[in-house]
Structures are given as structure tokens and as C-alpha cells.
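[1] What follows is a protein structure lacking sequence information:
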């Protein structure tokens, strides 16, 4: 499908659309595929899932400024509502569907970019102090604290870490 055809079909489509930009060689794409199939069935009739092979449609990716895969983009009435790049937890992927249906941008989850940079920097400094003290006594605790601070900056970007962290969160009553 040509770039022009893709955008015409998108703007004329009666329901919201979630487009999965993927490639057959992409490991993370294969990882989220079963979740997307399940969500597609769950939202059948309310939102449609389109799969676009990035290798076959590079002009569409260029036009949408997609630089990594997998990338999911939610559209309503031909307008982009939400976007996520990378493998993600099922609830985040479902957020793309609900955003496309509602037409409202999803609420950002996780720390902002600036906050991530600060956490990684502070964690790195703590690790350096731990290393300088040869990880002896209190310096080992500083190094462990540094690792935890760094993980707090990136855990939501990695589904496995996200699953691990969710086990330690308090359960709602």
C-alpha cells in the first residue's frame, strides 16, 4: 500500500485505529504480538488493529517520524492520539486502544525524561562512591542504593522489570 493510500484509508475509516509498525525480524515485535491479538479481539467493533510491516512501508514510517519498532500509534478520525515505541506491558498497550477510542491523549506514566536523567545521574554518583570505597561496609550500601535509583528511572521501559516491581507494590484494598 502506498503512503497516499494508507493516509486516505486512515482518514476514511469509520472506527479508531491502532497501527502496529513491526518487522518480521524484530524480537520485541514478536513479544507483544499475542497481547495485541488479544486486545484486537477485546476491542473488536470499537477499534481496529492494523499491522504495517516497516520493511515494506518505509515511506509511511518516514512521514509519521517513526524511528524504532515496534511502534504503536492510535488514531481517531485520521488524527494521531497516542504513540508508544518499544515492547510494553499489556496495560500500557491497552492504553493506546482506549486513547484511540476516547480521542483523549493517555496520561503519561512513569517519570519524565528530565527526572529519568536526574535519577540515572544520582544513581551513577552513588555507584562511583561505592566503587571508590571498594564496596566495603557503608560503601556497599551506597552502591546498592545507586542501582535502585537507576532502576527507578528505567523500570517502566522494560516489561520484565515492570512485572517484577509490580509484585512489590501494595495491593489496593
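    Arrived safely. All of these numbers come straight from a predicted model, not from anything done at the bench.
[2] Quick check: residue 140 vs residue 130, distance?
    Remark: distance between residue 140 and residue 130 (CB to CB, to the nearest Å) = 6 Å. Glycine gets a C-beta too; all of them are placed from N, C-alpha and C.
[3] Which one's more surrounded, these two?
    In terms of neighbours (other CB atoms under 10 Å), residue 130 is the more surrounded of residue 140 and residue 130; the figures are 21 against 13.
[4] measure that one to residue 155 for me?
    Distance of residue 130 to residue 155, given as CB to CB: 20 Å.
[5] Other residues contacting the longest helix seen in the chain?
    Scanning the chain for the helix with the most residues, using DSSP state H, yields helix 113-132. By CB atoms under 8 Å, 6 or more residues apart in numbering, the list of residues contacting helix 113-132 from outside reads 111, 139-154.
[6] Residue 102 is in contact with residue 82, correct?
    No - if you go by CB atoms under 8 Å, residue 82 and residue 102 don't touch, sitting 9.8 Å apart.
[7] So for the two, which residue has more residues nearby?
    Neighbour count, other CB under 10 Å: between residue 82 and residue 102, residue 82 has more, with 21 against 14.
[8] Where does the more buried one sit: helix, strand or coil?
    Remark: residue 82 carries the secondary structure label strand [criterion: DSSP: H, G, I helix; E, B strand; the rest coil].
[9] Contact partners for it?
    72-74, 95-96, 99-100, 105-106.
[10] Please pick the buried ones from those.
    With neighbours counted using 16 or more other CB atoms under 10 Å, those contain these buried positions: 72-74, 95-96, 99-100, 106.
[11] So residue 135 belongs to a helix, correct?
    No - assignment of residue 135 by three-state DSSP gives coil, placing it outside any helix.
[12] Distance check, it against residue 151.
    Applying CB to CB, the value for residue 135 to residue 151 is 18 Å.
[13] Next: residue 50.
    Applying CB to CB to residue 50 and residue 151 gives a distance of 35 Å.
[14] Next: residue 105.
    From residue 105 across to residue 151, the span is 27 Å (CB to CB).
[15] try residue 2
    Residue 2 is 44 Å from residue 151, by CB to CB.
[16] Residue 113 too?
    With the distance defined as CB to CB, residue 113 ends up 17 Å from residue 151.
[17] just residue 85 next, same as before
    Counting by CB to CB - residue 85 and residue 151 are separated by 21 Å.
[18] Same question for residue 136.
    Counting by CB to CB - residue 136 and residue 151 are separated by 23 Å.
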